[in-house]
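Novice: I would like to see how this sequence folds:
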Amino acid sequence: MKSKPVSATSAIALQRWLRPALTPVGANKDYAEFRQQLEGLDGLLRGSHLETMAMDFAKAGAGQASVAQLRQRMEFALKALRFEVLRVHLGNISFRELSRSIASSDLLADFCGVRTLEGIKGVSKSVLERASKFFTAEQVRWMGQVLVEMCGEKDRATELGLSAPLDMDVCLIDSTCLETNIHFPVDWVLLRDVSKTLLKAMILIRRAGLLHRMPEEPECFAKQMNKLCMSMTHAGRRNDAKRARKQILRKMKTLLRTIGEHARRHRDLLAQKYSQTHYGQRQTKRITTRSDTMLGQLPAVIKQAHERLIGGRPVPNDQKILSVHELDVNVLVRGKAGSQVEFGNSLLISEASSGLITDWQLYQGAAPAEWCQLEESLARQNRFDLSAPISAVGTDRGFATKKTSAMLKQQDVYDAVCPRDPHALKKRLSEKRFAQLQRRRSATEARIAILKQRLGGRLRCKGFANRYRSVGWSVLGHNLWLVSRILAEEITLPLAA
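Specialist: Purely as a prediction, here's the structure:
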């Protein structure tokens, strides 16, 4: 994949709609600063060729579309880019909250390009959700790479308004856990999660007029499961807690199997006779897919609860079900004060000394050894078109291995990796450059915290593919925000002098 975008939109010219002036807001410093930030982001989106890239991506995926359809698709691509950048800037808020914010603010609507003389339109939460998935994860990563290259390449940095390219020769690397939005994994609670999802699907099918014989309504089954869950919770306070929990679990297993059989019959009935309901094909597919997902996991969930609670046997982490809704979740033993164990995916971050996030990687399964992560990150960054090559790497002691040192020596890169041996660390701290890089590396923890604020904490999006793309948007939004701050400081300093 090439690093420099080539415009394919010369045949179609897009113009912004006429719109009235923004409502004047006086004596409000916070609003003035926020407006200045959005104006800075707006200038960067135009000057960094990201909008041109967005239109190129829209044209590449248009197929045999007509000129009018292509124009509409390219206009939506520009809005999608700005929707996501704004959403990250506001802390990755929900689509519903973002929809209300844009619709109620001339400033936000003007930034997104949805404000005309006729008013604000085209910002419903469903439109925003489709816009978040308009670009692929690879396209989002490519846009982020182009921005990094423009900031670090001498000739192209001036296009952004920078007086000089940002320092990119030093890589400060660290890893963290991107927690998944799930509740704490408890084996018997997973049985409740499966039953709850299946019962909701049955309720939707029965409300559509498709009925299959059942001894009682789905709501009654839900009450029975809730009673068993409450009994399981209070059983721990009894003297015979272990025996009582086993008895309750056996009842839960029997009830879940019954619910599963009823759900399977209702699912098959909907697949055969959905044309007799008010559901369309997409709605029917959504309901049947949800039921199939839960029915497929039902035996494994029951087996895991049986093995751990009745059999008393441990389940290996790679075979353990942590959530029935999020399958790509790993157990990460971090050993930190706040949480000894975290549930999510490993996220690698590489930061330049200027604060720009130059590389990242979110791992779907178990992450490789940290020295392998470092090697992969450097290989990706060495392909960037920058004025200066990587000259130094600084990490914490988790990356310190003999293979890491040999790799950096082979690439002629200064080794600022923190040694595991305290005596070796004390000796290396006498080196001025090593001490400076380790002091600067400690601030990478703060950079990770800033990025997680941009992510909004635990990501709401479901599925690893959507989480991966969301991280790409957050990194791109963070870098746009950082460069806009640097540009604002370069303007402010001469005025202050």
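Novice: Buried ones in stretch 349-357, by neighbour count?
Specialist: 349, 350, 351, 352, 353, 354, 355, 356, 357 (16 or more other C-beta atoms under 10 Å). (Each C-beta comes from the backbone N, C-alpha and C, glycine too.)
Novice: which one of those residues is nearest residue 393?
Specialist: Closest approach between those and residue 393, by C-beta to C-beta: residue 350, at 8.9 Å.
Novice: quick one on the thing from earlier: and the buried residues of stretch 349-357, which is closest to residue 91?
Specialist: Out of the buried residues of stretch 349-357, the member with the shortest distance to residue 91 (by C-beta to C-beta) is residue 357, at 17.0 Å.
Novice: coming back round to it: how about CSV for the buried residues of stretch 349-357, with secondary structure added?
Specialist: Output for the buried residues of stretch 349-357, formatted as CSV (DSSP: H, G, I helix; E, B strand; the rest coil):
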residue, secondary structure
349, strand
350, strand
351, strand
352, coil
353, coil
354, coil
355, coil
356, coil
357, strand
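Novice: Give me the number of neighbouring residues for residue 125.
Specialist: Residues lying near residue 125 (other C-beta atoms under 10 Å) number 14.
Novice: All the strands of the chain, in order from the start?
Specialist: 115-116, 119-120, 170-179, 330-333, 341-351, 357-362, 392-395, 414-417 (DSSP state E).
Novice: Buried deepest among these, which one?
Specialist: strand 392-395 (a mean of 24; mean count of other C-beta atoms under 10 Å).
Novice: Neighbours of residue 266, how many?
Specialist: Neighbours around residue 266, by other C-beta under 10 Å: 25.
Novice: next one: residue 449
Specialist: Close neighbours of residue 449, defined as other C-beta under 10 Å, add up to 10.
Novice: gap between the two ends of stretch 171-185?
Specialist: By C-alpha to C-alpha, to the nearest Å, the extent of stretch 171-185 from end to end equals 36 Å.
Novice: So residue 273 sits against residue 210, correct?
Specialist: Yes. If you go by C-beta atoms under 8 Å, residue 273 and residue 210 touch, sitting 6.0 Å apart.
Novice: Give me the more crowded residue out of those two.
Specialist: Neighbour tally, residue 273 and residue 210, criterion other C-beta under 10 Å: the higher count belongs to residue 210, 18 against 14.
Novice: Let me know how buried residue 123 is, in neighbour terms.
Specialist: Other residues close to residue 123 by other C-beta under 10 Å number 22.
Novice: any idea how far residue 469 is from it?
Specialist: Distance from residue 123 to residue 469, counting by C-beta to C-beta, to the nearest Å: 21 Å.
Novice: now swap in residue 325 and tell me
Specialist: Residue 325 is 18 Å from residue 469, by C-beta to C-beta.
Novice: likewise residue 383?
Specialist: 21 Å.
Novice: So which of the two has more stuff around it?
Specialist: In this view residue 383 and residue 469 are compared by other C-beta under 10 Å, and residue 469 has more residues nearby, 23 against 10.
Novice: Who are the contact partners of the closest residue to that one other than its chain neighbours?
Specialist: Nearest residue to residue 469 in three dimensions, chain neighbours excluded: residue 137, at 4.2 Å (C-beta to C-beta, 6 or more residues apart in numbering). Residue 137 is in contact with 465, 468, 469, 472, counting by C-beta atoms under 8 Å, 6 or more residues apart in numbering.
Novice: Could you report the separation of residue 137 from residue 357?
Specialist: For residue 137 relative to residue 357 (C-beta to C-beta), the value is 16 Å.
Novice: Same question for residue 477.
Specialist: Applying C-beta to C-beta to residue 477 and residue 357 gives a distance of 10 Å.
Novice: How confident is the prediction for residue 5, by pLDDT?
Specialist: Model confidence at residue 5, given as pLDDT, is 45.
Novice: just the CA coordinates of stretch 226-245, formatted as PDB?
Specialist: Output of stretch 226-245 as PDB, limited to C-alpha atoms (Å, rounded to 0.1, in the frame of the first residue of the first chain):
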ATOM      1  CA  ASN A 226     -33.900 -14.800  38.000                       C
ATOM      2  CA  LYS A 227     -35.100 -16.700  41.200                       C
ATOM      3  CA  LEU A 228     -32.400 -19.300  40.700                       C
ATOM      4  CA  CYS A 229     -29.800 -16.500  40.200                       C
ATOM      5  CA  MET A 230     -30.800 -14.900  43.400                       C
ATOM      6  CA  SER A 231     -30.700 -18.200  45.200                       C
ATOM      7  CA  MET A 232     -27.200 -18.800  43.800                       C
ATOM      8  CA  THR A 233     -26.100 -15.400  45.100                       C
ATOM      9  CA  HIS A 234     -27.400 -16.000  48.700                       C
ATOM     10  CA  ALA A 235     -26.200 -19.700  48.800                       C
ATOM     11  CA  GLY A 236     -22.700 -18.500  49.600                       C
ATOM     12  CA  ARG A 237     -23.800 -17.400  53.000                       C
ATOM     13  CA  ARG A 238     -25.000 -20.900  54.100                       C
ATOM     14  CA  ASN A 239     -23.000 -23.400  55.900                       C
ATOM     15  CA  ASP A 240     -23.500 -26.000  53.200                       C
ATOM     16  CA  ALA A 241     -22.800 -23.400  50.500                       C
ATOM     17  CA  LYS A 242     -20.900 -25.800  48.200                       C
ATOM     18  CA  ARG A 243     -23.700 -28.400  48.100                       C
ATOM     19  CA  ALA A 244     -26.400 -25.800  47.800                       C
ATOM     20  CA  ARG A 245     -24.700 -24.100  44.800                       C
END
